[in-house]
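Asks: no FASTA, just this:
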């Protein structure tokens, strides 16, 4: 590679190293996000997350969990909606947690925190949530999905909800899994290649 081409290549790579910053209007809130290459959908809110955020119902006093938060669009929106509640955001990627905490500050939230955790591993056993939300990636596999669903059930208050968006190709598996575990299932909405699913932890019989 010539010296000129190397310099040009380095200049391009240096641009890639800079933070990506964008704004999004979500549920009547103008939110600002910093992101970076290597995180999921770093330049805009992806369509699956948009579907979830447009449909999810959140109480002002809800205690919420964003499971696999990335740079934080779901959890930060929950923080704006559950203004008298609390939101915990978790991810197993330290870069995601770094950017989530930046974005919590960017958007002036005092009721929201991001912590590093592989699913529920760093969530106290006694901690309960009213709402768990996730944009669930297919690549984690059925085994990890089963772990996450079982742990979600254990960490939900009575009448607490799991709301999860997935690729539509996963919908039959998600339906079977949630009916088996929760005893109920609702397909909230399907849009393009994404489906939004919901299950409720009813009173144990």
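Replies: Nice, thanks for sending it over. For clarity, every value in this text was computed on a predicted model and none was experimentally measured. Numbering: from 1, shown residues only.
Asks: show me where the chain has strands.
Replies: All strands of the chain, identified by DSSP state E, fall at 20-26, 29-35, 63-67, 86-91, 112-116, 129-135, 156-167, 186-191, 194-201.
Asks: what does the second one rub up against?
Replies: Under the criterion Cβ atoms under 8 Å, 6 or more residues apart in numbering, residues 19-25, 42-43, 71-73, 76-77, 80, 99, 102-103, 106-107 lie in contact with strand 29-35. Where you see a C-beta, it was placed from the backbone N, CA and C, and this is true even at glycine.
Asks: Out of the strands of the chain, the one nearest residue 173 is which?
Replies: Closest to residue 173 of those is strand 156-167 (Cβ to Cβ; 8.7 Å).
Asks: Distance-wise, check residue 87 relative to residue 183.
Replies: According to Cβ to Cβ, to the nearest Å, residue 87 stands 27 Å off from residue 183.
Asks: So these two - more neighbours on which side?
Replies: residue 87 (30 against 13; other Cβ atoms under 10 Å).
Asks: picking up where we left off before, okay if I get the strands of the chain as JSON lines plus distance to residue 144 and mean pLDDT?
Replies: Converted to JSON lines, the strands of the chain look like this (distance: least, Cβ to Cβ, whole Å; pLDDT from 0 to 100):
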{"stretch": "strand 20-26", "distance to residue 144": "28", "mean pLDDT": "95"}
{"stretch": "strand 29-35", "distance to residue 144": "24", "mean pLDDT": "97"}
{"stretch": "strand 63-67", "distance to residue 144": "11", "mean pLDDT": "98"}
{"stretch": "strand 86-91", "distance to residue 144": "14", "mean pLDDT": "98"}
{"stretch": "strand 112-116", "distance to residue 144": "17", "mean pLDDT": "98"}
{"stretch": "strand 129-135", "distance to residue 144": "12", "mean pLDDT": "98"}
{"stretch": "strand 156-167", "distance to residue 144": "13", "mean pLDDT": "97"}
{"stretch": "strand 186-191", "distance to residue 144": "22", "mean pLDDT": "96"}
{"stretch": "strand 194-201", "distance to residue 144": "17", "mean pLDDT": "98"}
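Asks: Other residues contacting stretch 131-148?
Replies: The contact list for stretch 131-148, computed with Cβ under 8 Å, 6+ apart, reads 40, 46, 48-49, 52, 56, 58-59, 62-68, 70, 74, 78, 82, 119-120, 152, 155-156, 160-167, 169-170, 173, 177.
Asks: Got a quick PyMOL command for the buried subset of the residues you listed?
Replies: Remark: buried members of the contacts of stretch 131-148, expressed as a PyMOL selection using 16 or more other Cβ atoms under 10 Å:
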select buried, resi 40+46+48+49+52+56+58+62+63+64+65+66+67+68+70+74+78+82+119+120+152+155+156+160+161+162+163+164+165+166+170+177
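Asks: Surely residue 73 is in contact with residue 24?
Replies: Yes - applying Cβ atoms under 8 Å, one finds residue 73 in contact with residue 24, separated by 7.2 Å.
Asks: Neighbour count: these two, which is higher?
Replies: Set residue 73 next to residue 24 and count neighbours by other Cβ under 10 Å: residue 73 wins out with 27 against 17.
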